[in-house]
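**Student:** Generate a structure from the sequence data that follows.
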Amino acid sequence: MAEQTDREGTPGWQPGIGHRLPWLGSQVRPAPLANPRWVGWSEDLAATLELAPDEATLALLSGSVTPLPWTPVAQVYSGHQFGGYTPRLGDGRGLHLGERHGQELFLKGSGPTPYSRSGDGRAVLRSAIREFLASEALHHLGIATTRALAVIGSDTPVWREQQETGAITVRVSPSHLRFGHFEYFYYTRQQAQLAALIEDTLAHHFPDALAAPNPKLAWLEAVVSRTAETVADWQAFGFCHGVLNSDNMSILGETFDYGPFAFLDAFQAGHICNHSDHQGRYAFDQQPGIGLWNLNRLAVTLTPWLSEEQLKGALARYEPVLVARYLARMGARLGLDAPQEADLALIGGLLNLMEAAGADYSNTLRSFAELDPASDDTPLHRRLATQPGFDPWWRRYQARLGGVTELGPWQWARAQANPALILRTHLAQEAIAAAEQGDNAPLARLHRALCRPYDPDSDFDDLRDDAPSWSQQITLSCSS
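**Tutor:** Residues are numbered from 1 along each chain as shown. Prediction:
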């Protein structure tokens, strides 16, 4: 498709998949926000997109004007939510504005659509800020995720448990296609549309699969592998998604649709970050299994073209890819050369000690950047040495390392694998509270720190402490 320009003559925009495949959704004009204003802004992403935080950009992204020569699109999809199938979902509070330099821009919170299901189509400021911070944090940690260009605040009143103000997160990704898109056209028996959607997906996002003997099989294998790698990264970095419904799973393997997410503070394998998840379906230690469960839901949509044997073969890639990725990540964090499956017991032993001690997950692992493996008085000892079983574990760890010849380079490598700073729930809450009072400076400062998570800059020392006890009282739900 030839590059198009908006009415101001600005190059770089294209209408996107919703206009290539018009049956994928509905054209909807955004509902403008009252008195829109910038709250958060990602400088590096903006540079990639060649956008500036000026009045024209604010007007476009807040829905105040729509100068592009096409109407934004709300897409339709379905999905399995908490294990049960919901036949029709869709973009109920957001619109696909278009593509810019190969990236789709999505306005989350831009007003009602045909898929709002009696909702108001709005996002509130707290949820918009949380998604902005989370997606930026994971990106700079090196975990696959959608990005967030901006948060736009307003005076538009929105009612949740109480009156709040409406906001928009400008989400950015090469594709916003979810497993649920393919489920929708499969279960509504629109096979021609499903085939066309798959072909468009292959052409635009999986060109290597087109060269394979069986492109659809190669595509499923690629989605399985990407998903496995992302879930492994979540487990290695202590990230809890909170709502892993199949409609919240990206075909690119990106972390997608942030809601009641949380990074682990004190390590707890069965941590549930979503206050609405009463059965613990999406607990931290359940995420690997849920990732495969959702991939099975996607595989069902390919049964018109692939045999049961082919589908099982593709899905069988999940566990070895996940384990290999997890071992690579955790091996780097602990300094294990060429990690093997036998190292899972060593890693698991450390996690058990951390859970028993109530030790902070991220900061305990960060202590490996200051560790002398030949010593018996290290930061790790000061966190875990009182736990029964630590001494035997430490001896096994020393034996596995086999000695470190150059301590400085070894510690530096651990510092590059273990972040000095993560996005903690209480830090996000403090930034939200300030922004709700009109002070965006704490948000901007936290965002700057999250863009350099492996850098022990002393300017951000106060953001690196273990979580305070009061943070345990913060509850998160699907409206977060």
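**Student:** shouldn't residue 99 be in contact with residue 14?
**Tutor:** Yes: in this structure, residue 99 is within contact of residue 14 by CB atoms under 8 Å, at 4.3 Å. For every residue, glycine as well, the C-beta is placed using N, CA and C.
**Student:** which of these two has more neighbours?
**Tutor:** residue 99 (23 against 19; other CB atoms under 10 Å).
**Student:** ok now stretch 154-166, how far from the chain's centre?
**Tutor:** Here stretch 154-166 is found 25 Å from its chain centre; the criterion is CA atoms, centre = their mean, to the nearest Å.
**Student:** Is residue 165 located within a helix, as I assumed?
**Tutor:** No: looking at residue 165 with DSSP: H, G, I helix; E, B strand; the rest coil, it is strand, so not inside a helix.
**Student:** Going forward, count from 48.
**Tutor:** Okay, residue one is now 48; in that scheme the one you just asked about reads as residue 212.
**Student:** Please work out how many residues are found near residue 521.
**Tutor:** Around residue 521 there are 15 residues (other CB under 10 Å).
**Student:** brain fart, residue 95
**Tutor:** Count around residue 95 with other CB under 10 Å applied: 15.
**Student:** element containing it?
**Tutor:** Using DSSP states H and E, residue 95 sits in helix 90-96.
**Student:** Return the set of buried residues in that helix.
**Tutor:** Neighbour-count burial for helix 90-96 flags 92, 93, 96 (criterion: 16 or more other CB atoms under 10 Å).
**Student:** Who does the nearest residue to the last one once chain neighbours are set aside form a beta bridge with?
**Tutor:** Read it as residue 96. Distances taken as CB to CB, 6 or more residues apart in numbering place residue 147 nearest to residue 96, at 5.3 Å, with adjacent residues excluded. Residue 147 has these beta-bridge partners by DSSP bridges: residue 60, residue 150.
**Student:** give the contact list for residue 147.
**Tutor:** 59, 60, 61, 96, 97, 98 (CB atoms under 8 Å, 6 or more residues apart in numbering).
**Student:** now do 7 Å
**Tutor:** Residue 147 sits next to 59, 60, 96 when contact means CB atoms under 7 Å, 6 or more residues apart in numbering.
**Student:** Name the surrounding residues that touch the helix holding residue 95.
**Tutor:** With CB under 7 Å, 6+ apart as the criterion, helix 90-96 contacts 99, 147, 148, 150, 194, 196, 219.
**Student:** Quick check: buried residues in the helix or strand following that helix?
**Tutor:** Using DSSP H and E, the helix or strand that directly follows helix 90-96 along the chain is helix 102-108. By neighbour count on 16+ other CB under 10 Å, the buried set for helix 102-108 is 104, 105, 107, 108.
**Student:** Dump those to JSON lines, plus distance to residue 390 and pLDDT.
**Tutor:** Listed next are the buried residues of helix 102-108 as JSON lines, based on distance: CB to CB, whole Å; pLDDT from 0 to 100:
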{"residue": "104", "distance to residue 390": "49", "pLDDT": "96"}
{"residue": "105", "distance to residue 390": "50", "pLDDT": "97"}
{"residue": "107", "distance to residue 390": "50", "pLDDT": "95"}
{"residue": "108", "distance to residue 390": "46", "pLDDT": "96"}
